[in-house]
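*Asks:* output the structure for:
(one chain, ligands or ions: 1)
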Amino acid sequence: MRWFCLLAALVIAPACSQPRVIGPTALEAPVVSPPAHASIEQRIEFWEQRLPALAPTDQAEARLCLGELYLEQGAPEQARLNFYASQNGYLSAREDAQAAYGIGRSYLLQDLARQARPHLIKASADLDGPEGDECRYLAAFAGGRAPQDVDARILLRVATYTEAAASAQPAPSVASHAAGHTHVDGHFHDVSRDEWGARRLLANHDSMSRPFRITVHHTAEPARTMRSEDAFREMRDLQRLHQQDNGWADLGYHYLIDQAGRIIEGRPIDAQGAHAGNAELNRGNIGICLIGNFVAQPERGTEYSLAQAPTDQQMEALDNLVDELTTHYGISNRQVWAHSHLKETACPGPYLLRWADGRRSAR
Ligand SMILES: [Zn+2]
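*Replies:* The predicted structure follows:
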């Protein structure tokens, strides 16, 4: 995979503002690679065209390259899509951290520091050298605590990301969400509907009044994968089930959280959900669903016979999301519910019920 590394060295330079001169020997890789003097656009086209024919391991690395190229091109949504897609189970720990670093930087380009921060923190644990320094600086920056006594060279290399706030460009996907819907939320997800391949919100829904409560669910389907592509497939399956079999306008829930702790946009927040039990219970009620089966259901077969516990990443993401939503909408902790608080159901299982009880009793 040396050739990919060489390419990465060429394109990861976004962090370095100095263009690198590569001698002819550096590009004599045995595998086909873009012409030495190809523009960013040509490199993107080169990899996009070859991607489908590559083996999964090479695809993962090509996606990493594409992510960096899109970042350099100033296309954060496209960059993020590729970084997520690179996490297909074939990356090394370091490459996985590079993907997380890329996801974090893509959010910074959109001036979404709060969304960037968990990815940057996660990445900084596995990145070393100059890249690790930059990542740690950006993680602190995203948390509003950028250190003052930092090497000027680091500041220069991360300037693209720290200066994005000043020139704040709106995220393209915000404008392209379901036509006619203005998003009133602060964009609290990691993965947008466009990124997981959602179909359109259908017309048969009520609009959401100002949210004043939150209800937590589980999908009741076993999930034992950290891979984004598995979670995105599950999102599409669930949406198909809710729209076609249930006849609903969209997914019932507003947010889903996968096993790796990615917060995934479900039904647009300005559309009333279908998750709590009936229209009255759904009014002003934000539905959050954790992907996994947290209740033993032996009657459904051996696969369901053991309840799993939510992962640490899921719980951390849930806490963060609920913190952000309660703050943004002024929702009291007394209005944070487990589904089983509201109606007779096993959902979301004892673990999340205890979590909700803890939240509700905390002031
Ligand atoms: Zn439920």
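*Asks:* residue in the stretch 51-200 of the chain with the shortest distance to the ion?
*Replies:* Proximity of the stretch 51-200 of the chain to the ion (Cβ to the ion) peaks at residue 189, 19.4 Å away. C-beta: built from backbone N, CA, C; applies to glycine.
*Asks:* for the residue most central in space within the chain, report the pLDDT, please.
*Replies:* Taking Cα atoms, centre = their mean, the centroid of the chain lies closest to residue 190, which sits 3.0 Å from it. We have a pLDDT of 92 for residue 190.
*Asks:* please report how far it lies from residue 232.
*Replies:* 12 Å (Cβ to Cβ, to the nearest Å).
*Asks:* after the lowest-mean-pLDDT helix or strand in the chain comes which helix or strand?
*Replies:* Using mean pLDDT, DSSP states H and E, the weakest-scoring helix or strand in the chain turns out to be helix 172-176, at a mean of 33. The first helix or strand that comes after helix 172-176 along the chain, using DSSP states H and E, is helix 193-196.
*Asks:* and the average pLDDT for that following helix is what?
*Replies:* 94.
*Asks:* now do that helix: distance to the chain's middle.
*Replies:* Chain-centre distance of helix 193-196: 10 Å, with Cα atoms, centre = their mean, to the nearest Å.
*Asks:* only the buried residues of it, if you could.
*Replies:* Going by neighbour count (16 or more other Cβ atoms under 10 Å), the buried part of helix 193-196 is 193-196.
*Asks:* repeat that for stretch 351-358.
*Replies:* Applying 16+ other Cβ under 10 Å to stretch 351-358 flags 351-353, 355-356 as buried.
*Asks:* over to stretch 93-100?
*Replies:* Buried, per 16+ other Cβ under 10 Å, within stretch 93-100: 95-100.
*Asks:* now stretch 279-287
*Replies:* Buried-residue list, stretch 279-287, by 16+ other Cβ under 10 Å: 281-287.
*Asks:* among those, which are located in helices?
*Replies:* Using DSSP state H, 281-282 are the members of the buried residues of stretch 279-287 that sit in helices.
*Asks:* out of the buried residues of stretch 279-287, the closest to the ion would be?
*Replies:* Once Cβ to the ion is applied, the member of the buried residues of stretch 279-287 that ends up nearest the ion is residue 287, at 8.0 Å.
*Asks:* can you put the buried residues of stretch 351-358 in CSV and add secondary structure, distance to residue 339 and pLDDT?
*Replies:* Converted to CSV, the buried residues of stretch 351-358 look like this (DSSP: H, G, I helix; E, B strand; the rest coil; distance: Cβ to Cβ, whole Å; pLDDT from 0 to 100):
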residue, secondary structure, distance to residue 339, pLDDT
351, helix, 13, 95
352, helix, 9, 97
353, helix, 9, 96
355, helix, 12, 97
356, helix, 9, 97
